[in-house]
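the sequence and its predicted three-dimensional model are supplied below.
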Number of protein chains: 2
Amino acid sequence: MAKVAVLGYGTVGSGVVEVLDTNAQEVAKSAGEAVELKYILDLRDFPGDKHESQVVHDINIILEDPEIDVICETMGGIEPAFTFEKNALIKGKSVCTSNKELVAAHGPELVELAKQHNVSYLFEASVGGGIPVLRSINDSLKHEKIDAITGILNGTTNYILTKMDKEGVGFATVLKKAQDKGYAERNPEADVEGYDACRKIAILSSLMSGKHVNYEDIYTEGITKISIEDFSYARKMNMAIKLLGMCKKNQNGFFTMVAPFLIPLENPLANVNGVFNAIDIHGNMLGDVMFYGKGAGKNATASAVVADVIDITKHKGHHIEVNMKAENAQLSPKDNAVRSFFVRVPENKADEAKEIFGSKIEVIEGENVHGEFAFVTDMISEKDFEDRIKKLDSVKGYIRLY
Amino acid sequence: MAKVAVLGYGTVGSGVVEVLDTNAQEVAKSAGEAVELKYILDLRDFPGDKHESQVVHDINIILEDPEIDVICETMGGIEPAFTFEKNALIKGKSVCTSNKELVAAHGPELVELAKQHNVSYLFEASVGGGIPVLRSINDSLKHEKIDAITGILNGTTNYILTKMDKEGVGFATVLKKAQDKGYAERNPEADVEGYDACRKIAILSSLMSGKHVNYEDIYTEGITKISIEDFSYARKMNMAIKLLGMCKKNQNGFFTMVAPFLIPLENPLANVNGVFNAIDIHGNMLGDVMFYGKGAGKNATASAVVADVIDITKHKGHHIEVNMKAENAQLSPKDNAVRSFFVRVPENKADEAKEIFGSKIEVIEGENVHGEFAFVTDMISEKDFEDRIKKLDSVKGYIRLY
């Protein structure tokens, strides 16, 4: 019998309790023994809740209880979650969490702390909701040289971009509707500015490199500048516009970025629509494998937390290796990354654009877009692009090509 | 140090050797110890091959060598592979294989034999090439009540259907081209009649149910009757036509089938094109997760075999549980499955069709298809459909709706 405490009885936390209740038999079969909820930590009381009597307000009751093997931290945010997790690991309790902010900021040191105390620190639910992608990287794909991970990592922005594309409605209108439906937060910056996707690609790129990729070092651009005109051009180009989180190792270095990209429709990532997430992993022998699913949602995310609880229970008394050292990864400067860019300028700037970017640029016509000159550059470095684009005033917008 | 023998130095077998060579360091890190190739069993010699000296022609050299921990059976076919695998397990050697015919026919009894001898029997590479789907079902999703698995499980047929759709060319012409390019076999029945997909859904449904689903009990229909007119209608209906292998548990029973289906374009399976495979798993808490990748190919498939070698090495001395008992699963009769059907009849049969299927049937117009009457039925059972369609002579074709 493994005894579990859940910290935070919000959306994900109550989902974890629901999965443990509903699938008790399957959980026991998978873990090799029954998994029982002992405590729920929350500031609130939950009168009438089935688990009312298990709610406690003091973390120390949990930390001091030798029966507790595993702690599920589903509170979110840095503090007090960070202190609670550290203390739990020091007390010899394994921790699993859905807390992407904390994992992105302190994951590698928490993995090392877990190792020191011969317990485990797992965080499958922090990326891609219920999609079992971290376990695959850490386990069934560990013998691959993974050289690229590319993901649609935020459901809210993917929903907004999909709606803009399919319904031809502008960003602000779609955002407002999404907020009314509860698909987007009242305070939408974390999603629409790409901060959420940034935390997730920080976690993925740390696992890929085995070192800590600090999310603050990742160039991050959101979707607020994307317009319906951009989608008109995209359709003409047989491409979709998606907010991608990516990390890539090649002869030029190790690059990470979050930004909107134009993706050819043949690429399966281009067909990931609505609130769905997808993560493509490229290995040297395997080629591409893509994992697809709902990136959020109470029960899907909770199911991933429970998968970690089971893994920990199966490996009781052992530290489960996670490829993430606390030393900082060496990221290559964004300036050196090479790609093509799609650029829109006013019609009267066409000659100037050709002069600056070369006469061989590919000119693109949009559907029902007039008074503009749009083109795709050759493959150039980000630095080169930045230098040239500065010379062109009144640029209407640009998007990178995947 | 774990020592490995590869049986069959063909496409997959030589891929396994290549993965072990190229990724030796990653394999060792993942397995916790070095993994070394000791023997290759093949009838042929390979003069000049890097591993020439390791080629043997007698299986007993391998079976009698106490140093050999793991055997990779990459020969394919039932015999002698079945006998070799059984003898290996009896001798206390773990076996992993890419051999879908053998796993579909005898997988459950081989799993039980492995358990009796405290070794493991794994077969990740038998479904979906390099896609880590079986391990996910058996491991990270084991605590889910999986109630449906739906897959595009055969790359050749998916390539043919994609070409027919995008290029408007008939089945025979596309097949011929695919054969010329080496994408389809000279003897294409196993692919185009759905037999290959049938083996794979047999394996997946056995894992889902925990019992042996005999592939001979799975209703299997190939793609030979699909015409370019069908794609004209599909486009009008915003659907794609895909050969699906599916298994599903619901209040009516446990159903399995391989057949072409019309799938709404919003469904991610509809956007899986070319030689790619995809497998969608639906769990009670998780909802849908889809795994996508190349379903075949030397190195991808080999990478999955090596993932099994690693898993076995990590669990040396233990049997890795696989949820597949040798007792037969109870399949519900196909007759009871309920769905809608898309039907095409000659124009002069419109009234008759309405009489037989009800006047509320949805009439469909194809792009540039004339002289026909096409419609979609209400939800009816397969039996009911069969009874009614018999009454309509000169049916031009029908396709199930997903």
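All right, it came through fine. Everything numeric here is computed off the predicted structure, so don't read it as measured data.

who's in contact with the residue lying closest to residue A:214 once chain neighbours are set aside?
Of all residues beyond its chain neighbours, the one nearest residue A:214 is residue A:328 (6.6 Å), with distances taken as CB to CB, 6 or more residues apart in numbering or on different chains. For the C-beta atoms, the positions are set from N, CA and C on the backbone; glycine is no exception. Neighbour list for residue A:328: A:211, A:212, A:214 [criterion: CB atoms under 8 Å, 6 or more residues apart in numbering or on different chains].

name the nearest residue to the second one, ignoring sequence neighbours.
To tie it back to what came earlier, the one meant is residue A:212. Among residues not flanking residue A:212 along the chain, residue A:108 sits closest, at 4.2 Å (CB to CB, 6+ apart).

which among the contacts of residue A:328 gets closest to chain B?
For chain B, the nearest member of the contacts of residue A:328 is residue A:211. The distance, counting by CB to the nearest CB, is 14.9 Å.

what is the neighbour count of that closest one?
Each residue near residue A:211 was counted by other CB atoms under 10 Å in any protein chain shown, and the total is 19.

shouldn't it be in contact with residue A:331?
No - using CB atoms under 8 Å, residue A:211 is not in contact with residue A:331, being 9.9 Å away.

okay, and which of the contacts of residue A:328 map to strands?
Counting by DSSP state E, no part of the contacts of residue A:328 is found in strands.

about what we covered before: okay, the residue nearest to residue A:214: pLDDT?
Per-residue confidence at residue A:328 stands at 96 (pLDDT).

how about the helix or strand residue A:191 falls within, which residues are buried there?
Assignment of secondary structure by DSSP states H and E places residue A:191 within helix A:189-192. Counting neighbours by 16 or more other CB atoms under 10 Å in any protein chain shown, one finds that the buried residues in helix A:189-192 are A:190, A:191, A:192.

same question for stretch A:253-265.
Using 16+ other CB under 10 Å as the burial criterion, the residues of stretch A:253-265 that qualify are A:254, A:255, A:256, A:257, A:258, A:259, A:260, A:261, A:262, A:263.

surely the first one forms part of a strand?
Translated: residue A:254. Yes - the assignment for residue A:254, made by DSSP: H, G, I helix; E, B strand; the rest coil, places it in a strand.

that one reaches residue A:209, doesn't it?
Yes - with contacts defined as CB under 8 Å, residue A:254 counts as touching residue A:209 at a distance of 6.4 Å.

name the residues contacting each of these two.
With contacts taken as CB under 8 Å, 6+ apart, the residues that reach both residue A:254 and residue A:209 are A:247, A:329.

and for the helix or strand bottoming out on mean pLDDT in chain A, what are the contacting residues?
Sorted by mean pLDDT, DSSP states H and E, the helices and strands of chain A end with strand A:362-364, the least confident at a mean of 89. Outside of strand A:362-364, the residues that reach it under the criterion CB under 8 Å, 6+ apart are A:233, A:236, A:237, A:342, A:373, A:374, A:375, A:376.

need the max-distance pair from those.
Maximum pairwise distance among the contacts of strand A:362-364 (CB to CB): 15.2 Å, between A:237 and A:373.

what about residue A:109, how many residues close to it?
Other residues lying near residue A:109 total 16 when counted by other CB under 10 Å.

who's in contact with the residue nearest to it when sequence neighbours are not counted?
Sequence neighbours aside, residue A:326 is the residue nearest to residue A:109 in space, at 4.7 Å (criterion: CB to CB, 6+ apart). With contact taken as CB under 8 Å, 6+ apart, residue A:326 is in contact with A:108, A:109, A:111, A:112, A:212.

of these, which belong to helices?
Here DSSP state H is the test, and those give A:108, A:109, A:111, A:112 as lying in helices.

what number of residues lie near the first one?
What it means is residue A:108. A count of neighbours around residue A:108, defined by other CB under 10 Å, yields 27.

average pLDDT for stretch A:109-122?
Averaging pLDDT residue by residue across stretch A:109-122 gives 98.

residues in contact with it?
For stretch A:109-122, the external contacting residues (CB under 8 Å, 6+ apart) are A:85-86, A:89-90, A:92-97, A:102-103, A:107, A:134, A:308, A:311-312, A:315, A:317-320, A:322, A:324-326.

how about 6 Å then?
By CB atoms under 6 Å, 6 or more residues apart in numbering or on different chains, the list of residues contacting stretch A:109-122 from outside reads A:89, A:92, A:94, A:95, A:96, A:308, A:312, A:319, A:320, A:322, A:324, A:326.

shouldn't the fourth one be within a strand?
Yes - in this structure, residue A:95 lies within a strand as judged by three-state DSSP.

and it, what does it touch?
Contacts here follow CB under 6 Å, 6+ apart; on that basis residue A:95 touches A:71, A:85, A:88, A:89, A:121.

surely residue A:149 and residue A:202 touch.
No - with contact taken as CB atoms under 6 Å, residue A:149 and residue A:202 are classed as non-touching, separated by 11.4 Å.

more crowded one of those two?
Set side by side, residue A:149 and residue A:202 show unequal neighbour counts under other CB under 10 Å, the larger going to residue A:202 at 29 against 24.

can you give me the distance of that one to chain B?
22 Å (CB to the nearest CB, to the nearest Å).

cool, residue A:311 as well?
The span separating residue A:311 from chain B equals 8 Å under the rule CB to the nearest CB.

so the residue nearest to residue A:109 sits in a strand?
No - applying three-state DSSP, one finds residue A:326 to be coil, outside a strand.

burial of residue A:171, as a residue count?
Residue A:171 has 18 neighbouring residues, counting by other CB under 10 Å.

list of residues touching the helix or strand hosting residue A:208?
Secondary-structure assignment from DSSP H and E places residue A:208 in helix A:195-209. Outside of helix A:195-209, the residues that reach it under the criterion CB under 6 Å, 6+ apart are A:100-101, A:103-104, A:126-127, A:137, A:146, A:149, A:153-154, A:190, A:212-213, A:215, A:218, A:220, A:245, A:247, A:256, A:258, A:323-324, A:329.

out of these, list just those in helices.
Those of the contacts of helix A:195-209 lying in helices (DSSP H): A:100, A:101, A:103, A:104, A:137, A:190.

got the confidence number for residue A:360?
At residue A:360 the predicted local distance difference test score is 81.

three-state assignment of the nearest residue to it once chain neighbours are set aside?
Leaving aside its sequence neighbours, residue A:360 sits nearest to residue A:378 (CB to CB, 6+ apart; 7.1 Å). The three-state assignment at residue A:378 reads coil, by three-state DSSP.

which of the contacts of strand A:362-364 count as buried?
Judged by neighbour count, with 16+ other CB under 10 Å as the criterion, the buried members of the contacts of strand A:362-364 are A:233, A:237, A:342, A:373, A:374, A:375, A:376.

picking that back up, chain B versus the residue nearest to residue A:360, what's the distance?
Using CB to the nearest CB, one gets 28 Å for the distance from residue A:378 to chain B.

quick one on the thing from earlier: between the buried residues of helix A:189-192, which is closest to chain B?
Top of the list for closeness to chain B, among those and by CB to the nearest CB, is residue A:191 at 20.5 Å.

mind checking pLDDT for the closest residue to the closest one other than its chain neighbours?
By the measure of CB to CB, 6+ apart, the closest residue to residue A:191 outside its immediate chain neighbours is residue A:156, 4.1 Å from it. The predicted structure scores residue A:156 at 95 on the pLDDT scale.

what segments of the stretch 251-400 of chain A are strands?
Chain-ordered strands for the stretch 251-400 of chain A, with DSSP state E, counting those that start in this stretch as the definition, fall at A:253-264, A:276-283, A:287-294, A:338-339, A:341-346, A:362-364, A:372-376, A:380-381, A:397-401.

quick check: residues of the stretch 1-150 of chain A near chain B?
Within the stretch 1-150 of chain A, the residues that sit near chain B (CB under 6 Å from any CB of the partner chain) are A:19, A:23, A:26-27, A:30, A:130-132, A:135-136, A:140, A:142-143.
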